[in-house]
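Asker: output the structure for:
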Amino acid sequence: MKKVMVCGCGVQGSTICRKLDQEPNIEEIVCADYSLAAAEAVSKFMKKGIPKQVDASNVDEIVAAAEGCQLIVNVMPLDFGVTVLEAAIRVKANYQDLAACENIADCEDPRDNWLEGIKIMYNEYGKRFAENGTTAIIGTGSAPGVMCVMARKAVNELDECDTINMMVYEGVESKRFIPYWWSPLVALCDMEEDAYAFENCQQIRTTPFSRPVKRRWKEMGYREVTLVEHAHDEPVYIGFNREKHFKNCKNAFFKYGGIGIQFAEPIYKAGLLSREEEEINGNKVVPFDLILAHVPPAPKDPEVIKEIIEEGLIADEGAFVCEAYGQKDGKNVMVDLHVFAPGLVEAYEKAKMSGEMYLTGQGAFLFTKLFVNEQITQKGLISSDMLDDAQVEQYLSWAKELEITYTIDIKEGIVCQD
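Answerer: Residues are numbered from 1 along each chain as shown. Purely as a prediction, here's the structure:
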């Protein structure tokens, strides 16, 4: 029997806790959060949940709370990644997070910090976990996470890969003002940051909301939608792992569109996502903090989600797509992979959660399930795109049981034009 700690009991952490509670070979789940009330709120729905108040900025507190745990799942904001990583190494536990952490690298240009931090995680932290005989997997939510597994599945259809386009369109709109169904802090941080792309075999940075692409997809009623550059992990991972896992891919891009982009783009262009303090009419303000203070938290309480649905939805749609361009049997082909998962109404009916909670939380849980069922054989630190082929297929099989499915359409004679 195994003991697991989930560090962070927000929207996604609470989903992972509840899914772990159903696993027969799990004995205890430590539900840890800075807010004891948040930890208790999720534990009350569980049989094996133990709530604990933990300050994730304090390594010693994390270590004490994680005593006896074989796995620590980090669902905290990125700033806490280093402390949770260090705690996992001290406890000699396996480690999982939903996105790679910040503040590892000491770079002259802060824009390079995260990119250099990934290298440090792969190499230095990878060595330390391997020395413990344990494993860390980073980037295990929906995107990155589910998207990385799907990119691997798409590229496996090719003999040689040229370009991978990963695209997410968020189209859930309620009558309440809810621009983000996950952490507004994480969402707005991503919105104001230069995006990452892997282009012509080089890691580059691009301007947020730039380089738009147009698509018409069945799941969006074939109407034209626009997706733009957005800061995300996937192109960075693929750039580092292109030779071993992505058949020498030369280009990898992440594009994002929908309600969140429509909300953030004008305030970004107006300078309202700036982190620099300004003086306005004699008052000192940080524009980012002011905006964040007026964005509501993502709904996670089942009763609140029910109320939102009953008030009526303007739209309950979205798209989650991976396009892989390359060659197969000497021909140019495009592998068009579309992911399907329950939307807001269906996710609530199935699991009393939002569609975002369903795909991200349960997508993350499937990586946890690989751990607790001893199907992770690698030692050291890997990102979610570095599963072996057998692990990819097992992940997809379990995802299908949760009604997270995909379709693949292989189209000949097509090369990437974007």
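Asker: state the phi and psi torsions of Ile72.
Answerer: Taking degrees, to the nearest 10, you get phi -120, psi 120 for the backbone angles of Ile72.
Asker: okay, it and Val63: tell me how far apart.
Answerer: Between Ile72 and Val63 the distance, using C-beta to C-beta, to the nearest Å, works out to 10 Å. C-beta here means a position set from N, CA and C on the backbone, and glycine is covered the same way.
Asker: list residues touching both of those two?
Answerer: 87, 91 (C-beta atoms under 8 Å, 6 or more residues apart in numbering).
Asker: with neighbour numbers in mind, choose between those two.
Answerer: Neighbours were counted for Ile72 and for Val63 using other C-beta atoms under 10 Å; Ile72 has more, 26 against 20.
Asker: what about the more buried one, distance to Phe80?
Answerer: For Ile72, the distance to Phe80 - C-beta to C-beta - is 12 Å.
Asker: got any residues that touch both of these two?
Answerer: By C-beta under 8 Å, 6+ apart, the residues touching both Ile72 and Phe80 are Cys7.
Asker: what about the helices in the stretch 51-200 of the chain?
Answerer: Ranges of helices within the stretch 51-200 of the chain are 59-65, 81-91, 113-120, 126-132, 146-155, 184-192, based on DSSP state H, counting those that start in this stretch.
Asker: from the chain's centre, how far out does the last one sit?
Answerer: Distance of helix 184-192 from the chain centroid (C-alpha atoms, centre = their mean, to the nearest Å) equals 13 Å.
Asker: picking that back up, quickly, which of the helices of the stretch 51-200 of the chain bottoms out on average pLDDT?
Answerer: Mean pLDDT is lowest for helix 113-120 among the helices of the stretch 51-200 of the chain, at a mean of 81.
Asker: keeping just the C-alphas, turn that one into CSV.
Answerer: What follows is helix 113-120 as a C-alpha-only set of coordinates in CSV (Å, rounded to 0.1, in the frame of the first residue of the first chain):
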residue,chain,number,x,y,z
ASN,A,113,15.4,31.9,-16.4
TRP,A,114,12.7,29.3,-17.1
LEU,A,115,14.4,28.0,-20.3
GLU,A,116,17.7,27.5,-18.4
GLY,A,117,15.8,26.1,-15.5
ILE,A,118,14.4,23.3,-17.6
LYS,A,119,18.0,22.3,-18.5
ILE,A,120,18.9,22.3,-14.9
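Asker: helices or strands up against it?
Answerer: helix 234-245 (3 or more C-beta pairs under 8 Å, 6 or more residues apart in numbering; DSSP states H and E).
Asker: the bottom helix or strand of the protein by mean pLDDT?
Answerer: helix 113-120 (a mean of 81; mean pLDDT, DSSP states H and E).
Asker: between helix 81-91 and it, find me the angle.
Answerer: 20 degrees (axes from the mean of the first three to the mean of the last three C-alpha atoms, to 10 degrees).
Asker: helix 113-120: which residues count as buried?
Answerer: Neighbour counts over helix 113-120 (16 or more other C-beta atoms under 10 Å) mark 114-115, 117-118 as buried.
Asker: starting at the chain centroid, how far to that helix?
Answerer: On the basis of C-alpha atoms, centre = their mean, helix 113-120 sits 17 Å off its chain's mean C-alpha point.
Asker: now the angle from it to helix 234-245?
Answerer: Going by the same axes, to 10 degrees, helix 113-120 makes 30 degrees with helix 234-245.
Asker: for the closest residue to Gly141 other than its chain neighbours, which residues are in contact?
Answerer: Among residues not flanking Gly141 along the chain, Leu98 sits closest, at 3.8 Å (C-beta to C-beta, 6 or more residues apart in numbering). For Leu98, the contact set (C-beta under 8 Å, 6+ apart) comprises 12, 74-75, 139-141, 145, 360, 364.
Asker: ok, now how distant is Lys369 from Lys247?
Answerer: For Lys369 relative to Lys247 (C-beta to C-beta), the value is 27 Å.
Asker: rewinding a little: among the contacts of Leu98, show me the least confident.
Answerer: Gln12 (82).
Asker: count of neighbours near it?
Answerer: By other C-beta under 10 Å, the residues close to Gln12 number 27.
Asker: would you confirm that it contacts Trp182?
Answerer: Yes: using C-beta atoms under 8 Å, Gln12 is in contact with Trp182, at 7.1 Å.
Asker: need the overlap of contacts for the two.
Answerer: Contacts common to Gln12 and Trp182, judged by C-beta under 8 Å, 6+ apart, are Thr360.
Asker: residues near Pro210, how many?
Answerer: For residue 210 the amino acid is Ser, not Pro. Neighbours of Ser210 (other C-beta under 10 Å): 11.
Asker: swap that for Glu323, sorry
Answerer: 24.
Asker: what do you get for the one 5 residues further on?
Answerer: When counting by other C-beta under 10 Å, one arrives at 15 neighbours for Lys328.
Asker: residues contacting it?
Answerer: 157-159, 410.
Asker: can we see that at 7 Å?
Answerer: 157-159 (C-beta atoms under 7 Å, 6 or more residues apart in numbering).
Asker: by neighbours, which of those residues wins?
Answerer: Leu158 (22 neighbours).
Asker: and the residue nearest to that residue when sequence neighbours are not counted, what element?
Answerer: Once flanking residues are discounted, Leu158 sits nearest to Gly326: 4.0 Å by C-beta to C-beta, 6+ apart. In the assignment (DSSP states H and E), Gly326 maps to strand 318-328.
Asker: mean confidence (pLDDT) on that strand, please.
Answerer: 97.
Asker: next helix or strand past that strand?
Answerer: Defined by DSSP H and E, the subsequent element after strand 318-328 is strand 331-340.
Asker: can you give the contact residues for whichever helix or strand comes after that following strand?
Answerer: Using DSSP H and E, the helix or strand that follows strand 331-340 in sequence is helix 344-351. By C-beta under 7 Å, 6+ apart, the residues outside helix 344-351 that reach it are 172, 305-306, 309, 313, 316, 342, 353-355, 357-358.
Asker: which of those count as buried?
Answerer: 172, 305, 309, 313, 316, 342, 353-355, 357-358.
Asker: now intersect the residues you listed with the helices, please.
Answerer: Using DSSP state H, the members of the buried ones among the contacts of helix 344-351 that fall within helices are 305, 309, 355.
Asker: that older thread, and of the contacts of helix 344-351, the nearest to Val54?
Answerer: Closest approach to Val54 among the contacts of helix 344-351 (C-beta to C-beta): Met357, at 21.9 Å.
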